[in-house]
Structures are given as C-alpha cells and as structure tokens.
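**Q** next comes the sequence, and after it the predicted model I'd like to discuss.
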Amino acid sequence: MLKKKFIKEPIYKTEVMFLGNCDYKQMAEVIRKRGYDIDEEYFKDSDGAQLNFIDKENGIRIVWFESLKKDADSIGVAVHEIFHLVVRILDWKGIIITPEKNLDEVGAYLIEYYFREFYKFLYEKPKLQKTVRKNLAGKKT
C-alpha cells in the first residue's frame, strides 16, 4: 500500500516528502498531481530516487522508495537516497561539506535527522482516516 509522509526539518527549514511502497508509475502520478512534470520511464529500473522540484521560493523534495521492506537492501537504498537528499540541500543552501571548521557536521546532522525520520516512516502504522475512526468508534463489538 502506498505510503507517504511530509518531513519538516527545523534548522535548515527544508521540507521533504517520503513516498514508498509504490512503483515508478505510481510515484510519477503523485508528482503530477502536485503539478510537476516527470519522465516516469527514466525511473522504471530504479528501486528508489531523490527528486527535487524547487525554485527560489517554492517546491518540494521527494525521496521515493519502491519497497519499504525491513531488510538490508531496503535500508541501503534509503541511506543512498538520503545521502543524495542531503548533498542537494547543502548545495541549495550554499554549504560545502568539508572537515575544516566542522562543516562536515552539517551533513552528518542532516543524514542522521532524515534517516531517523525514515526509520519512523518505515515502522509506523498507517493512520486511519477520521471518518473511518469515527465509524469504528461508533460500532459496538
């Protein structure tokens, strides 16, 4: 089942959508519904991607995971895509990763932050919609 979550990082003020458990065509449809154009065929052999639809003021960053399995391969894809995400955020903010003046700490912080959020995303159960919860609450067993 398709799963998505918006993550707002407070220090560098970035917003990311994690999107998972969907193939490349479903991923492209989600992106098109947000008003962005995408060549879905580019991703047909991918198991994940980091996409940016950003201008100076608006836009969104998306990290897509075809599968949200709790195995080494899926975790590896997550780390790979989160690294791309962090490099692009730092580039957008004009920050160069270097050990001088501890600027590599900025990248390490963002990787840790987004991986922690991915871990929560991976393990959290989908929330029921309000109307479904209301109906379930009203039923007696």
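**A** Structure's in. What do you need? Numbering: from 1, shown residues only.

**Q** tell me the contacts of the residue most central in space within the chain?
**A** By Cα atoms, centre = their mean, the chain has its centre lying nearest to residue 18, at 2.5 Å. Listed by Cβ atoms under 8 Å, 6 or more residues apart in numbering, the contact set of residue 18 reads 3-7, 62-63, 65, 117-118, 121. For glycine as for every other residue, the C-beta is placed from the backbone atoms N, C-alpha and C.

**Q** distance of residue 96 relative to residue 104?
**A** 10 Å (Cβ to Cβ, to the nearest Å).

**Q** most widely separated two among the contacts of residue 18?
**A** 6 and 65 (15.0 Å; Cβ to Cβ).

**Q** settle it for me: which of those two has more neighbours?
**A** The residue with more neighbours, out of residue 6 and residue 65, is residue 65; 23 against 9, by other Cβ atoms under 10 Å.

**Q** now the helices for this protein?
**A** 24-33, 72-93, 104-123, 130-138 (DSSP state H).

**Q** flag the shaky bits of the chain, pLDDT-wise.
**A** 55-58, 126-141 (pLDDT under 70).
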